[in-house]
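K.L.:
return atomic coordinates for the entry below.
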Amino acid sequence: MATDSTHSTHRPHSTHNTRGTDIADRLDLTREPPSDTGSDAVRPDAAAAPATPPRWCLYTRLLVAVGVGWLALLLLQYALSGRWWAMMALNLEPPLAFLAVPLLLLAGVPAARLARRKVPRRPALAVTGLALAGLVLGYPWAGLNPAALWNGDAEAPPGALRVVSFNTLAWGKSTTPDRFYQALKARNADVYLLQEYVWSDQDDANERRIDDMARIRREFPQYHVAVQGELVTLSRYPIVARPLVGPYRATARAASPDWYDVYRTGKVLRTDIRVRGEVVSLYNVHIPVQVDMRESFLTPTFYRVIHDREAARRAQYRGLLDDIDANRNPLLVAGDFNTTAAMGDLRPLRSALDDAADHGDSVLPLSWNEQGRLRLWRLDWTFTSSGLKTYRYALSALPEISDHRLQETVVSVRASG
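P.N.:
Got it, this is the predicted structure:
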C-alpha cells in the first residue's frame, strides 16, 4: 500500500510540473516585459554603441575619386603648366574640359537618383564642393571670351589697318594655286602675315623650301614683301626695318645660312611698317608644334618629341617676349602659336598684351581643326599693345585651303599723348 500510495502521489506531482513548464514555455514567463516604447526599442547596452556609418557604394566612391583627382590636376595646372614639359601632354585636351568635367561632376549627385542610387549626405556635399572649386579654378583655362559680349565689333575710322593672319597649310597644298591666291586677295587686307610658305608631304612633314616669289609679286604688285624661312609678310605700307628676333639672331650671323636652319629657328618675323607717319611693329609668328601625331601616345617616342620640342618652343617664346618688352612702338602679334588657352606657355603674352578676340563676335573662339571632325581648339591668336585700338576681330573658315581658320583684325594707331 505504501508503494501504491507513494506511486499515486508522485504522478500528479509530475504531471503538474510538466504542465507548468509547458505553460511557462508558451507564455515565455522568463522574458522581460516589453517597455512602453514598443517592440522595436533598443536595449540600454545596445543604445550606447556608436552607429555604424553606411558603406559608400561604388558610384559614390567614383564621384569622390574623380572630384579629388580633378582638383589635384588643377593644382598641377597652376603650378607646372608652361614650366614643365610633361604638362604639354596633359594640356592637349580641349580647353572646354576645364568646365565640362566639374559640370558633369556637379550633375553626378542628382543623376544618381535616375540610377536608383543614393549618395550619402557627406560625400554628396564633398562632391559638390569639389565641383564648384573645379569650376572656379578651371574657368581661366577654358578658353571662354566673355568680353566679346560687351565689346564686339565697332565702326573703324577711315584709314584703319586691316590685318590678316593665316596658316596656309604648306602654301595652299589642299587646293589649286589660282584658288589659293584668289582667296587671299579677296580679303583685301593692308597686311598679310602668312605661315607655312613651304612644301610638305601628305603627313605635313619633310618640309622643303619653295620659291613662289614671282607669283606673289604678280598677285600683290602694290605690296612690300618680307620672307624669313616659312614666314611671309605682305604690306601695303613701306617696311622700314626688320629687326631679328629670338633664336634666329644666331642663325642670321652665318654668311650663307642653310634654309632649314632658318626654317627651324626663324619662327618670329618682325617687320616695322610706317603708317601715316607712325611706325607700327608687326610680328608674324609660328611656334613649333609640340607633338608628332604620327607617333602613338603609347610609345616613348611620343613623349621624347614633346620634351625636345618644348625647349625649342620656350626659346621662341622667350625671344618674342624679350623683343616685345624692349619695343616702344605700337605693335601687333599674330600667327599660329600651336598653343591653346589651357597651356601656360601663353600666360606671359596674354598678360602683357590685349587679346584681339575681345572685340570679336564669339564667346568661344576656335581656330582648329577645319579639316577634321573635332573643332575644339584655338591655336591661332592675335594680340595688340596699348598703342593700337582694335575695332574688329573675326575667324573665317576656309577648309578647302587650310585646317586653320583665317584671322582678320582691324586696328588703328591711337593718338599719342
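
K.L.:
tell me how far the residue positioned nearest the centre of the chain lies from Asp178.
P.N.:
By Cα atoms, centre = their mean, the chain has its centre lying nearest to Pro95, at 2.2 Å. Distance, Pro95 to Asp178, by Cβ to Cβ, to the nearest Å: 37 Å. Every C-beta, even on glycine, is put in place using the N, C-alpha and C of the backbone.

K.L.:
I'd guessed the residue nearest to the centre of the chain sits against Thr340; true?
P.N.:
Yes: under the criterion of Cβ atoms under 8 Å, Pro95 makes contact with Thr340 at 5.3 Å.

K.L.:
touching both of these two, which residues are there?
P.N.:
Residues within reach of Pro95 and of Thr340 at once, by Cβ atoms under 8 Å, 6 or more residues apart in numbering, are 143, 377-378.

K.L.:
how deep is Glu408 tucked in, by neighbour count?
P.N.:
21 (other Cβ atoms under 10 Å).

K.L.:
now it, what's its secondary structure?
P.N.:
strand (DSSP: H, G, I helix; E, B strand; the rest coil).

K.L.:
contact partners for it?
P.N.:
Counting by Cβ under 8 Å, 6+ apart, Glu408 touches 162-164, 187, 189, 392-396.

K.L.:
equivalent analysis for Val127, please.
P.N.:
Residues counted as contacts of Val127 (Cβ under 8 Å, 6+ apart) are 63-64, 67, 105-106, 108-109, 119.

K.L.:
how about 6 Å then?
P.N.:
Going by Cβ atoms under 6 Å, 6 or more residues apart in numbering, Val127 touches 63, 67, 109.

K.L.:
for Lys389, same thing?
P.N.:
412, 414.

K.L.:
output whichever strand or helix holds it as PDB, nothing but the C-alphas.
P.N.:
Secondary structure from DSSP states H and E places Lys389 in strand 388-396. Once non-C-alpha atoms are left out, strand 388-396 reads as follows in PDB (Å, rounded to 0.1, in the frame of the first residue of the first chain):
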ATOM      1  CA  LEU A 388      46.700 100.200 -81.100                       C
ATOM      2  CA  LYS A 389      42.900 100.200 -80.800                       C
ATOM      3  CA  THR A 390      41.100  97.100 -82.000                       C
ATOM      4  CA  TYR A 391      37.800  97.500 -83.800                       C
ATOM      5  CA  ARG A 392      37.100  94.100 -85.200                       C
ATOM      6  CA  TYR A 393      38.300  90.500 -85.000                       C
ATOM      7  CA  ALA A 394      37.000  87.600 -86.900                       C
ATOM      8  CA  LEU A 395      37.900  84.000 -87.600                       C
ATOM      9  CA  SER A 396      36.900  82.700 -91.000                       C
END
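
K.L.:
okay, now the sheet partners of it, with direction.
P.N.:
Using DSSP bridges, strand 388-396 pairs in its sheet with strand 406-413 (antiparallel).

K.L.:
now the strands for the protein?
P.N.:
161-167, 191-195, 224-228, 231-235, 239-241, 268-275, 278-286, 331-336, 354-355, 380-384, 388-396, 406-413 (DSSP state E).
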